[in-house]
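>>> what shape does this take:
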Amino acid sequence: AHAQQTLEAGFTTVRNVGADEFTDLSLRNAINAGWVPGPRILGAGISFGISGGHCDGSSGYQPGSPMSRGGFETGAADGVEAVREMVRYDVKHGADVIKICATGGVLSPADSVGVQQYTEEEMRAVVEAARMMDRRVAAHAHGLEGIKAAVRAGVTSIEHGSILDAEAVRMMKERGTWLVPTLLAGVTVESLATAGRLPPAIAA
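Here you go, the predicted model:
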């Protein structure tokens, strides 16, 4: 229903940067096959980040519960070799674009919004693996250091980009990195900061 509403609103191509169990890719395939109406979808499949980070869908669950298993299926990949494997795992299942979490996020239970999570080396490995498979990389990033590390690593786009400075903007312009700002995320981060629910360094 949402795909049809999106198409009828005039959007003929959309990008979906992360969905559990590759549901975005299943919907894309159904649209491409003519089974349901909808726009052209460029899907990322499972977005991923560090264990316990913003993209790890198994975070916050009681150890031993079915939802706490972690791993590629829930968006957790640690270290250079693992992130390369995760890129290939997503592409194997049909991902058009790769989505990583360079920093923490607003709604995840176990991390801080602006703190860098992946190292620059890990992000560079993601970008290299994706380029070898003709895919671009989108990086969820709120905090300044995570944004800069992701840009230096060669990602195609920064999603959110809540905390930017002049140097980060200059770096993005020099490298041709796109900024995909998110109004809701920005408002949420601002409200958390105003309520004193973010560490001072992040709130600033």
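>>> for the chain, what helix or strand is lowest in average pLDDT?
Every helix and strand of the chain was ranked by mean pLDDT, DSSP states H and E. The lowest is helix 200-203, at a mean of 48.
>>> tell me the pLDDT at the residue lying closest to Arg124 once chain neighbours are set aside?
Leaving aside its sequence neighbours, Arg124 sits nearest to Ala153 (C-beta to C-beta, 6 or more residues apart in numbering; 4.2 Å). Quick note: C-beta positions are derived from backbone N, CA and C, even for glycine. pLDDT, Ala153: 98.
>>> now do the same contact list for Ala153.
120, 123-124, 126-127 (C-beta atoms under 8 Å, 6 or more residues apart in numbering).
>>> ok, the residues you listed vs His54, which is closest?
Met123 (14.1 Å; C-beta to C-beta).
>>> how about the helices in the chain?
For the chain, the helices defined by DSSP state H cover 2-8, 23-32, 80-92, 120-132, 144-153, 166-175, 183-194, 200-203.
>>> Gly71 is nearest to which of those helices?
The closest of the helices of the chain to Gly71 is helix 80-92. By C-beta to C-beta, the value is 9.6 Å.
>>> any figure for the gap between Pro109 and Gly196?
With distances taken as C-beta to C-beta, to the nearest Å, Pro109 is found 19 Å from Gly196.
>>> next one: Asp134
In terms of C-beta to C-beta, Asp134 sits 46 Å off from Gly196.
>>> same thing with Val113?
For Val113, the distance to Gly196 - C-beta to C-beta - is 13 Å.
>>> which one of these two has more residues nearby?
Taking neighbours as other C-beta atoms under 10 Å, Val113 and Gly196 compare with Val113 leading, 26 against 9.
>>> you'd agree that one is up against Gly143?
Yes. If you go by C-beta atoms under 8 Å, Val113 and Gly143 touch, sitting 7.1 Å apart.
>>> the closest residue to Glu121 other than its chain neighbours: how many residues sit nearby?
Counting by C-beta to C-beta, 6+ apart, Glu121 lies nearest to Val80, which is 6.1 Å off, once chain neighbours are set aside. For Val80, the neighbour count with other C-beta under 10 Å is 17.
>>> from Ala193, how far out is Gly18?
For Gly18, the distance to Ala193 equals 25 Å [C-beta to C-beta].
>>> can you check Val14 too?
30 Å.
>>> any idea how many residues pack against Val169?
Val169, neighbours per other C-beta under 10 Å, totals 15.
>>> to clarify, my last question referred to Glu145.
16.
>>> quick check: which ranges of the protein have low pLDDT?
Residues of the chain meeting the criterion pLDDT under 70: 59-69, 183-189, 192, 197-204.
>>> residue contacts, Gln4?
So Gln4 contacts 36-38 (C-beta under 8 Å, 6+ apart).
>>> can I have the buried ones of the residues you listed as a ChimeraX selection?
Buried members of those, defined by 16 or more other C-beta atoms under 10 Å, are picked up in ChimeraX with:
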select :38
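>>> could you dump the contacts of Gln4 to CSV with distance to Ala139?
Output for the contacts of Gln4, formatted as CSV (distance: C-beta to C-beta, whole Å):
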residue, distance to Ala139
Val36, 30
Pro37, 31
Gly38, 26
